[in-house]
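[1] Starting from these lines, generate the structure:
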Amino acid sequence: MTSLRGHRITVEPGTEHVRVVRDGQVLAESRRPLVLRETGCPVRYYLPPEDVRTELLTPSGSRTHCPFKGDASYWSRPGAADLVWAYLDPKDEVAAIKDHFCFYDTEIVTGSADG
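    I've put the predicted structure just below:
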């Protein structure tokens, strides 16, 4: 956890089953997301690279800087610029999210076919 002047970030392992679908195609699916909660922001799910179909993503030239997390790099899909981002060298306080992918549109899958 990091806290700076009332700003707080926590990162913890999640058990949610999350999926990212774009234009009918599954881009990512994970049962082991990292859950990042940050003051003033929606809950974000950071997915391990093994659970993301990176071959369907194209690196973009976009970069952003967060004073709490570091510099983010972005990837796109046709018709969906900067759809996903990752922190390749995050700040120490959120080191767990290194190389994990975060999508704007992540759905929580409820129910289970396997029991």
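[2] so who does the residue nearest the centre of the chain touch?
    Most central in the chain under Cα atoms, centre = their mean is C102, positioned 1.6 Å from the mean C-alpha point. By Cβ atoms under 8 Å, 6 or more residues apart in numbering, the contact list for C102 reads L36, R44, Y45, Y46, L47, V84, W85, A86. Glycine gets a C-beta too; all of them are placed from N, C-alpha and C.
[3] Tell me who's in contact with the fifth one.
    For L47, the contact set (Cβ under 8 Å, 6+ apart) comprises V18, V20, A28, S30, P33, L34, H100, F101, C102, F103.
[4] Isn't the third one up against D105?
    Read it as A28. No: under the criterion of Cβ atoms under 8 Å, A28 makes no contact with D105, lying 10.5 Å away.
[5] about what we covered before: can you tell me which of the contacts of C102 is closest to R63?
    W85 (9.3 Å; Cβ to Cβ).
[6] Which element, helix or strand, includes that closest one?
    Under the assignment given by DSSP states H and E, the secondary-structure element containing W85 is strand 80-87.
[7] pLDDT on that strand, on average?
    The pLDDT scores in strand 80-87 average 96.
[8] Run me through the strand neighbours of the helix or strand just after it, direction for each.
    Going down the chain from strand 80-87, the next helix or strand is strand 101-103, by DSSP H and E. Sheet partners assigned to strand 101-103 using DSSP bridges are listed as strand 44-47 (antiparallel), strand 80-87 (antiparallel).
[9] Figure out how far the first one is from the centre of its chain.
    In terms of Cα atoms, centre = their mean, to the nearest Å, the centre of strand 44-47 is set 3 Å apart from its chain centre.
[10] As PDB, could you dump the C-alpha coordinates of that strand?
    What follows is strand 44-47 as a C-alpha-only set of coordinates in PDB (Å, rounded to 0.1, in the frame of the first residue of the first chain):
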ATOM      1  CA  ARG A  44      -8.800  -2.000 -11.900                       C
ATOM      2  CA  TYR A  45      -7.800  -5.500 -12.600                       C
ATOM      3  CA  TYR A  46      -4.200  -6.100 -13.700                       C
ATOM      4  CA  LEU A  47      -3.900  -9.400 -15.600                       C
END
